[in-house]
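Enquirer: have a look at this prediction, sequence included:
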Amino acid sequence: MGLKPRAVAPPEGGYPTLEYRDDRSSKFWAVSVLGSRVISSYGRIGTDGQTSVKDFPDPVKAQTYAQKTYDSKLKKGYAAVPDEDGGLANDSIESPPVEPATPAGGTTYEAFVSQPYPTGLASSEWSSFPLWFDDHETIIAEADSFSVIDDFMSDLGMDDFEEDFSEHFPNYRGLAACAVDVASERQPGFVFDSYAEFFLCVDVSKAGRPVLLWTGEGQFETLFPSFAAFHASLSQWKA
């Protein structure tokens with residue numbers, strides 16, 4: 001009989017708002033945990049930013065995810081914001097409305113992101129690579145490290161990819177990128193070069209939630225007209 005996971009206790013009063021400032025950018029990030037739901041808010045300092053919601057099977061997994069993400073931000077150079085009294089600011093985050101999921105079949109975008117992400121899958125329309133699914137922030141952060149991203153940013157006049165992505169593409173949500181660890185394990189000699197630098201987004205402004213592909217050439221193209229069609233195309237990746 002396995003041990004029951006122990007919840008990671010958040011800092012007293014909740015997680016403080018974090019900020020990151022350098023010569024190129026100034027951005028904030030905040031997180032709160034409401035039961036089994038994690039709500040993140042992020043964007044350019046001085047703006048309302050963007051809000052994302054991620055649901056987990058239970059509060060323990062939600063708290064563990066929030067703590068892991070919070071620690072990751074600190075390692076990247078984010079720092080807690082002091083309030084007027086010298087304490088740490090802890091802005092409350094209101095939960096935005098979330099479209100109801102459809103558990104049966106789990107083929108809607110909303111249902112998919114509310115469940116643990118699958119691993120080692122590939123789409124029949126992009127079968128060369130296994131897919132790594134994660135939340136919007138994590139996928140966009142991964143794309144920010146691509147070798148070809150600077151040209152894309154230059155073409156659009158972007159100073160900071162993570163910060164400016166939502167301003168240029170407010171209706172796109174990061175969905176997946178190349179699962180390098182899976183590809184390297186199953187295909188000896190796999191090279192992660194510009195050909196493998198891609199990520200998938202979902203257009204949440206359109207009915208059906210089309211799935212879009214960003215390629216190494218810096219263009220978005222419609223991979224599937226609906227998320228349901230994309231989900232139906234997934235199967236185990238074969239090297």
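Expert: Looks like it came in fine.
Enquirer: switch to C-alpha atoms for all contacts and neighbour counts from now on
Expert: OK.
Enquirer: which parts of this protein are strands?
Expert: 18-21, 26-34, 37-44, 50-55, 79-80, 121-123, 126-133, 172-178, 199-203, 211-214, 220-224, 234-236 (DSSP state E).
Enquirer: dump these to a markdown table, plus distance to residue 187, mean pLDDT and mean neighbour count.
Expert: Converted to a markdown table, the strands of the chain look like this (distance: least, Cα to Cα, whole Å; pLDDT from 0 to 100; neighbours: other Cα atoms under 10 Å):
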| stretch | distance to residue 187 | mean pLDDT | mean neighbour count |
| --- | --- | --- | --- |
| strand 18-21 | 38 | 86 | 19 |
| strand 26-34 | 37 | 84 | 21 |
| strand 37-44 | 35 | 81 | 21 |
| strand 50-55 | 32 | 77 | 18 |
| strand 79-80 | 40 | 86 | 18 |
| strand 121-123 | 14 | 91 | 20 |
| strand 126-133 | 10 | 88 | 21 |
| strand 172-178 | 13 | 91 | 23 |
| strand 199-203 | 20 | 92 | 24 |
| strand 211-214 | 23 | 90 | 22 |
| strand 220-224 | 25 | 89 | 16 |
| strand 234-236 | 14 | 91 | 16 |
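Enquirer: report the distance from the helix or strand of the chain with the lowest mean pLDDT to the chain centre.
Expert: Taking mean pLDDT, DSSP states H and E as the measure, the helix or strand of the chain with the lowest value is helix 149-156, at a mean of 74. Helix 149-156 has its C-alpha centroid displaced from the chain centroid by 20 Å (Cα atoms, centre = their mean, to the nearest Å).
Enquirer: next, the buried residues of it.
Expert: For helix 149-156, the neighbour count (16 or more other Cα atoms under 10 Å) marks 149, 150, 153 as buried.
Enquirer: packing partners for it?
Expert: The contact analysis (3 or more Cα pairs under 8 Å, 6 or more residues apart in numbering; DSSP states H and E) places helix 149-156 against no helix or strand.
Enquirer: what's it in contact with?
Expert: Helix 149-156 is contacted from outside by 143, 159, 160, 161, 218, using Cα atoms under 8 Å, 6 or more residues apart in numbering.
Enquirer: out of those, which sit inside helices?
Expert: 143, 161 (DSSP state H).
Enquirer: per the record, what domains does the chain have?
Expert: If you go by automatic domain parsing, the domain ranges for the chain are 1-97, 109-236.
Enquirer: can you put the buried residues of helix 149-156 in CSV and add distance to residue 204?
Expert: What follows is the buried residues of helix 149-156, written out as CSV (distance: Cα to Cα, whole Å):
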residue, distance to residue 204
149, 23
150, 26
153, 22
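Enquirer: what comes up buried for the longest helix anywhere in the chain?
Expert: Counting residues, the longest helix found in the chain (DSSP H) is helix 59-75. By 16+ other Cα under 10 Å, the buried positions in helix 59-75 come out as 59, 60, 61, 62, 63, 64, 65, 66, 67, 70, 73.
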